[in-house]
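> Prediction below, plus the sequence it came from.
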Amino acid sequence: MATAEEVAKAAERRDVRDRWLLSAPALLVIFLAATGPLLIVLVYSFLTPGSYGDVKWQFSPEAWISVFLERDIFDDTLSIAAAHVTIFLRSIKLSVVTTIATLVLGFPTAYFMATRSEKTRDLWLFLITIPFWTNLLIRTFAVLQIIRNEGIINTILLKLGIISAPIQILYTDTAILIGMAYVYLPLMVLPIYASMEKLDFRLVEAGYDLYASRFQVLRRIIFPLVKPGVIAGSILVFIPALGAYVTPSVLGGGKNMMLSNLIELQFGQGRNWPLGSALSIAVMIIVMVALLAYVRNAGRSGVRHG
Amino acid sequence: MNWKTTATAMGLALLASTGLARADGVLNIYNWGNYTSPDVIKKFEAKYNVKVTITDYDSNDTALAKVRQGGTGFDIAVPSQTYVPIWIKEGLIQETDPGKMENFKNVAPEWANPDFDPGRKYSVPWAWGTIGVVVNTDAYKGPADSWGIIFNTPDELKGKVNVVPEMGDVMFAAIKYVGGQQCTDDKAVLKKVRDLLVAAKPNWIAMEYNTIEKMGAGDFKATSDWNGSALRQRLANPAIHYNYPKEGFGLWSDNVVVLKEAKNVENAKLFQNFIMDPENAAGLSAFHRYANAITGSDKYMPADMKDAPEVIIPAADKPRGELQQMCSPETQEIYTKIWTELQK
């Protein structure tokens, strides 16, 4: 005879099984939707390019080789693909700088929002999300109107006589940075705000009572406690920044390629889909490695502070 | 508005929608963006009682890739001359034999039997044009009839030149500038081209398509560009001039073809014939601002295009124009490498 305990256990097992069965269709769809397209990209990266776009179903490691190595067009020597490395590094640098810029701007913003009264907080939150209502392309063009030579900034400065010729901001790296920081700022503010809101400000007061300076309070109390928000925000900004396409093209003038432009070239005018696929996978691997390293490091130092 | 007028308006709208539903058929056009005259389409719809839809694409490669996948539902596409042979070779379009259509007699002789579609078995000319150099003469008064404006930029224009980032067009121009033949795979020539491009780039401010607005606002003072775009710029600012480079310049032409998977073949054929009518061809030109390859259309052309130097190539410049070709995949691969190196 089954004891009450066994009956309970069996019921629990059944319960667990039912849950898995019921969620199986959803899990299957998510799994296929997430991995299916990626698998196609992976397979394409090992094929031969078709003559005018598309692929030939013929195995070739050539695409992966040319991600890292290039055969010189003129003297046929094999060397590291300098052009690809330059473009990779430029994209990574820009994403890191964008992340830092949004952090510097976003942290105080989130602090300001979290320290308002509960009623006004919602209003600030609402204001932060307003840019999301507009298409990315339109926001980027709005930035262009502000910084171009005949734009608002230059016109005002010229009228005031502060400058005699317009400052060339548009089509520089500064322009890309301004645009990216503006576009991705909410993605940094929101997660930091979410953890800042939960912050127990009595701890801050306690810090002051124990003669901590303002900077010490920020560094030793506030920052460690909102760290999960900072990590989440940095990831949310860094990843899309690495793949940014619209903002660098519109504000940077398209003279210097970003990763996304390089990949686009292979699927468009370059007609080398396997190389485009291989580059895409390579970017994914880099992002994954960078994220793992970042999260591990951040987690470890978090323990020390906590 | 009171409720009566509202009700009337609604009734009318309802009538109009059922009117559309009664059309004899549909025609789905797949064309470049901002390229199809709504007036001419309305005229076609009224004449044949056909409902037309238009979907945009932004490059030959996009159009080709999409149609290749199949199941697009489009009847008509408008590829450039370099791509027409590929569409034919890959069996994406059908022989509608425009050469035997009623209005074919209007096609200008130099466009009636092109290399990319001998005997015009598949395609009908939509527009053609040139690629040259546009200069704002307020900023630069010297001679501008050379690719040197782009590749060996004079001091007044340094940091103010744009290049439209069409790989094929830029390579064509650079090869001409160093004295080579289009689609060359001569390493000595290509090395010169690569060095020329890399040395020229620091003088450019941008490589983008949005030239009409940027030349107008003064962000650019010179650019490589298509002639119709140059015409729009001059109409906005008379100081802007279009130049046919003395080293040679590219000619292009876009052509209406009927897809093999088209469901409305008869309507598509009607459309091919319809746009070879001089008045309709002029209507198309009035919108997209390019020449149309239809004889007799000049008398219907808008006044500002009738003798526009951007549209009508001066007789002295004409011999240097050369129809651009599709380069072989191997050559294309070298060009892509040079292009990547240029933009790295």
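Thanks, I have it. This structure is a prediction, so every number in the text was calculated from the model and none was measured.
> In contact with residue 280, which residues?
Unless you meant another one, I'm taking chain A. Contact analysis of A:Ser280 by Cβ atoms under 8 Å, 6 or more residues apart in numbering or on different chains lists A:41, A:45, A:263. In this view, the C-beta of every residue, glycine as well, is placed from N, C-alpha and C.
> you looked at the wrong chain, it should be chain B
With the criterion set at Cβ under 8 Å, 6+ apart, B:Asn280 makes contact with B:40, B:43-44, B:274.
> Report how many residues lie close to the residue nearest to A:Gly53 when sequence neighbours are not counted.
Spatial nearest neighbour of A:Gly53, chain neighbours left out: A:Arg271 (4.7 Å); criterion: Cβ to Cβ, 6 or more residues apart in numbering or on different chains. By other Cβ atoms under 10 Å in any protein chain shown, 23 other residues sit near A:Arg271.
> you'd agree A:Arg271 is in a strand?
No: looking at A:Arg271 with DSSP: H, G, I helix; E, B strand; the rest coil, it is coil, so not inside a strand.
> what are the phi and psi values for it?
Backbone torsions of A:Arg271, given as degrees, to the nearest 10, read phi 50, psi 50.
> I'd like the distance from it to A:Val41, if you could.
As for A:Arg271, its distance to A:Val41 is 17 Å (criterion: Cβ to Cβ, to the nearest Å).
> ok and the residue in the stretch 51-200 of chain A nearest chain B?
With Cβ to the nearest Cβ, the shortest gap between the stretch 51-200 of chain A and chain B falls at A:Ala83, namely 3.9 Å.
> One more: chain A?
Counting by Cβ to the nearest Cβ, chain A gets nearest chain B through A:Gly253, at 3.0 Å.
> Please give me every residue in contact with that residue.
Going by Cβ under 8 Å, 6+ apart, A:Gly253 touches A:170-171, B:162, B:205-208.
> what does the stretch 151-300 of chain B put close to chain A?
The stretch 151-300 of chain B comes close to chain A at residues B:159, B:162, B:165-168, B:187, B:190-191, B:194, B:201, B:204-208, B:217-219, as judged by Cβ under 8 Å from any Cβ of the partner chain.
> Only the buried subset of those residues, as a PyMOL command please.
Entered in PyMOL, the line below selects the buried ones among those, by 16 or more other Cβ atoms under 10 Å in any protein chain shown:
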select buried, chain B and resi 162+165+166+167+168+190+194+201+204+205+206+207+208+218+219
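> Can you list which of the residues of the stretch 151-300 of chain B next to chain A are found in helices?
B:167-168, B:187, B:190-191, B:194, B:217 (DSSP state H).
> quick revisit: wait, the residue nearest to A:Gly53 sits on A:Val55?
No: assessed by Cβ atoms under 8 Å, A:Arg271 is found out of contact with A:Val55, at 10.4 Å.
> intersection of neighbour lists for these two?
Shared contacts of A:Arg271 and A:Val55 (Cβ under 8 Å, 6+ apart): A:Pro49.
> Can you flag which of the contacts of A:Ser280 belong to helices?
Those of those lying in helices (DSSP H): A:41, A:263.
> Which residue ranges of chain A form helices?
Using DSSP H, helices in chain A cover A:4-44, A:62-68, A:82-114, A:118-129, A:136-147, A:152-159, A:173-197, A:201-209, A:214-216, A:223-242, A:246-252, A:259-267, A:273-305.
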